[in-house]
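Sharing a sequence plus its predicted fold:
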Amino acid sequence: MKHFRPYKLIQVVVMLFLEIVCFCLTIFLSHSEGISSPPYIFTILLICLLAVFMITFVCILYDLSLFQKMSLDYFDVNKIAYLDQLTGTSNRHSFDLLLKDFASSEELAEIGCIAFSLINLPSVNETKGYKFGDEIIRDFAEILSVISESFGIFGRNSGNEFIIVMRQCDQKKILELIDELNIQIYAHNGLLDYQGICYDYGYVLNNREHLDSVSKIISLSIQRIVDKRS
């Protein structure tokens with residue numbers, strides 16, 4: 001708001017001065033005999049009115065440019081706070097905020113969660129470099145983000161871990177998601193000349209586990225990936 005203070009003060013002073021001039025000229029003309037009035041009075045009045053309109057127009061444009069800049073600054077801050085910088089998807093902070101409104105206590109019993117991990121990321125980083133590893137992460141996140149739209153909410157949990165949480169989830173819904181994901185990954189990897197996306201997953205159906213919070217459901221789904229490797 002500090003950008004507005006000096007500019008707004010100048011704007012108010014100039015506009016007030018011009019309006020007073022216009023008011024005085026109008027009073028003068030209303031008490032004169034019209035045609036016998038000095039012609040320069042009309043010219044001054046028209047110039048003042050034109051100046052008022054021009055200044056107003058310029059000020060509106062300037063205000064819009066400032067508001068646009070402020071909106072962009074807010075958007076950048078919002079991205080930093082809520083979006084994962086590498087993938088552009090929801091980070092864990094924003095994902096947790098979404099979860100607060102996602103599952104009520106009545107829905108918790110039917111919540112399902114599936115966690116994903118890129119198990120070949122270390123080998124891609126080692127053989128091809130971190131640039132290719134980051135590409136794998138971004139591509140996998142994009143695929144999951146698109147697929148999750150018809151299933152639930154999606155976010156990146158950490159480096160190579162991703163989560164999808166779903167309402168009214170059962171075994172059939174999990175399998176449908178995995179089948180669709182495998183089709184997308186098969187098509188994706190077919191376009192690469194190096195090792196593509198290779199993932200593992202773990203899932204939890206709370207109608208079986210009866211956990212009392214979404215965070216516990218997420219933690220257990222991640223733990224089941226770890227258990228597979230041990």
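That came in fine, so what should we check first?

which intervals of this structure have sub-threshold pLDDT?
1-12, 15, 23, 25-42, 44-46, 48-49, 64-96, 98, 101-104, 194 (pLDDT under 70).

just the strands in it please.
112-118, 153-158, 161-166, 199-205 (DSSP state E).

Please name the strands paired to the first one in the sheet, noting orientation.
Sheet pairing for strand 112-118, assigned by DSSP bridges, gives strand 161-166 (antiparallel), strand 199-205 (antiparallel).

now what about it, what contacts it?
With contact meaning Cβ atoms under 8 Å, 6 or more residues apart in numbering, strand 112-118 is reached by 136-137, 140, 144, 152, 157, 160-166, 169-170, 173-174, 177-178, 197-206, 214, 217-218, 220-222, 224-225. (Each C-beta comes from the backbone N, C-alpha and C, glycine too.)

just the third one next, same as before
For strand 161-166, the surrounding residues in contact (Cβ under 8 Å, 6+ apart) are 95, 99, 102-103, 111-117, 140-141, 144, 148, 151-157, 173, 177, 214, 217-218, 221-222, 225.

what angle separates it from strand 153-158?
On the basis of axes from the mean of the first three to the mean of the last three Cα atoms, to 10 degrees, strand 161-166 is oriented at 160 degrees to strand 153-158.

can you pull the buried residues of strand 161-166?
For strand 161-166, the neighbour count (16 or more other Cβ atoms under 10 Å) marks 161-166 as buried.

Can you get me a residue count around residue 141?
22 (other Cβ atoms under 10 Å).

can you count the residues close to residue 185?
18.

ok, it to residue 136 distance?
With distances taken as Cβ to Cβ, to the nearest Å, residue 185 is found 11 Å from residue 136.

intersection of neighbour lists for these two?
196-197.
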